[in-house]
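**Q** let me see the structure of the following:
(one chain, ligands or ions: 1)
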Amino acid sequence: MISAMTLILGVALTMVVLHKTRAPLLLGLTALLLSLLGCTSTNYGDDQFQLRMATHGKDIMWMPTKVETTHEMLTLAGVRSTDILYDLGSGDGVIPIEAAKLYGVRAYGIEYNPNLVALSIRNAQRAKVHNLVNFKQGDIFVEDFSQATVLTLFLGESLNTRLMPTILKMKPGTRVVSNTFRMESWIADREIKTRPGETIYLWIVPANIDGLWVMSGLPKGDTANLVIRQKKQLFDGSIDTSMMSHARRTIYFEDGRITGQHIEFAFKDSQNSYIFKGQMSAGQLTGILNNDPKLPVIANRPRR
Ligand SMILES: C[S@@+](CC[C@H](N)C(=O)[O-])C[C@H]1O[C@@H](n2cnc3c(N)ncnc32)[C@H](O)[C@@H]1O
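**A** Numbers count the residues shown, from 1 in each chain. This is a model prediction of the structure:
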């Protein structure tokens, strides 16, 4: 039989999913509803702090990520023991604690509510991962999380979007996973529908490759101006070159993609098709054409 709590959670989650852009308000209403009905978490509370789902946050109230969803988010992020994970608005600490338990990873939580921070610390001790996990009381819009290589979110679309400019300045390759909520104007690199009414999203912070580059090592020893117009992890652009014809000409391309530091785009002239695969590192684009190691290409920013 479906319990009252399951029913209410189902209704609440459906409301959240149907109206994602109003997520903080809906999460707040949901939490309030659960609070009024006295629904408590049986899994995470302890005798010092009776955890309620309506527990007060700053920009959004507390609602937990389920343990199985946490595991799915960590899998989607491809967490490794060498990662540094930050959960923004860490609630009772479930995500950092599970990450440390499963992967032995260093994990941090930033949480506004001091009672939840104290509870997270006790939960980490009970889970015997307190040597790997740290919780800090603070505001996610003030605290520094730039050292993260994995970022986890369960905040709502508008808060995700407020964080987006900071996230886009993080190290290229940082994986960002969100429970249920998207970011406006940044399409996810991957999304997985985990169960009815629940989807998890992955973004990989792209390196900044926007603008002008000078490519060398092209067939016939030519150089070319490469202009990239980057929109998050996608880009299009043009190559101004004479490598494939006698007259200098401009080739336009679309559908380029940068995944962290890895770059791929295709272009063609009237005779041949080319695929460039490479990476951005130390301010340089290096790669090969058509998977042929004998066709290495390098691009640098023009000298000023
Ligand atoms: C929906 S809960 C998610 C909790 C946890 N990350 C999880 O997935 O189970 C959002 C959490 O963010 C916290 N929070 C809200 N605004 C915050 C802010 N500006 N800075 C830090 N934490 C905040 C709330 O107290 C709450 O615990």
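**Q** any idea whether residue 74 is helix, strand or coil?
**A** Three-state assignment for residue 74 (DSSP: H, G, I helix; E, B strand; the rest coil): helix.
**Q** over to the one 5 residues further on?
**A** Of the three states, residue 79 takes coil under three-state DSSP.
**Q** for it, give its distance to residue 232.
**A** Here residue 79 is placed at a distance of 23 Å from residue 232 (C-beta to C-beta, to the nearest Å). All C-beta spots, glycine's among them, are computed from the backbone N, C-alpha and C.
**Q** these two: who's more crowded?
**A** Remark: of residue 79 and residue 232, residue 79 carries more neighbours, 23 against 17, as counted by other C-beta atoms under 10 Å.
**Q** might one say that the more buried one is in contact with residue 104?
**A** No - judged on C-beta atoms under 8 Å, residue 79 makes no contact with residue 104 at a distance of 9.8 Å.
**Q** which stretches of the stretch 51-200 of the chain have low pLDDT?
**A** For the stretch 51-200 of the chain, the stretches flagged by pLDDT under 70 are 51-55.
**Q** do a quick rundown of the helices in it.
**A** Secondary structure of the stretch 51-200 of the chain, counting by DSSP state H, counting those that start in this stretch: helices at 67-77, 94-103, 114-126, 157-168.
**Q** residue 154 against residue 65, yeah?
**A** Yes - between residue 154 and residue 65 there is a contact under C-beta under 8 Å: 5.1 Å.
**Q** comparing those two, which residue is more hemmed in?
**A** Ranked by neighbour count (other C-beta under 10 Å), residue 154 and residue 65 place residue 154 first, with 28 against 23.
**Q** could you find the closest non-adjacent residue to the more buried one?
**A** Closest residue to residue 154 apart from its sequence neighbours, by C-beta to C-beta, 6 or more residues apart in numbering: residue 179 at 4.0 Å.
**Q** who's in contact with the residue of the stretch 151-300 of the chain found nearest the ligand?
**A** Nearest to the ligand, among the residues of the stretch 151-300 of the chain, is residue 154, at 3.5 Å (C-beta to the nearest ligand atom). Counting by C-beta atoms under 8 Å, 6 or more residues apart in numbering, residue 154 touches 63, 65, 89, 91, 95, 178-181.
**Q** try 7 Å
**A** 65, 179-180 (C-beta atoms under 7 Å, 6 or more residues apart in numbering).
**Q** closest to residue 280 out of those?
**A** Nearest to residue 280 out of these is residue 179 (C-beta to C-beta; 29.9 Å).
**Q** wait, isn't the closest one in contact with residue 69?
**A** Yes - applying C-beta atoms under 7 Å as the test, residue 179 and residue 69 come out as touching, 6.0 Å apart.
**Q** the more surrounded of these two?
**A** Between residue 179 and residue 69, residue 179 has the larger neighbour count (other C-beta under 10 Å), namely 22 against 19.
**Q** please tell me how far the more buried one sits from residue 153.
**A** Taking C-beta to C-beta, one finds residue 179 at 7 Å from residue 153.
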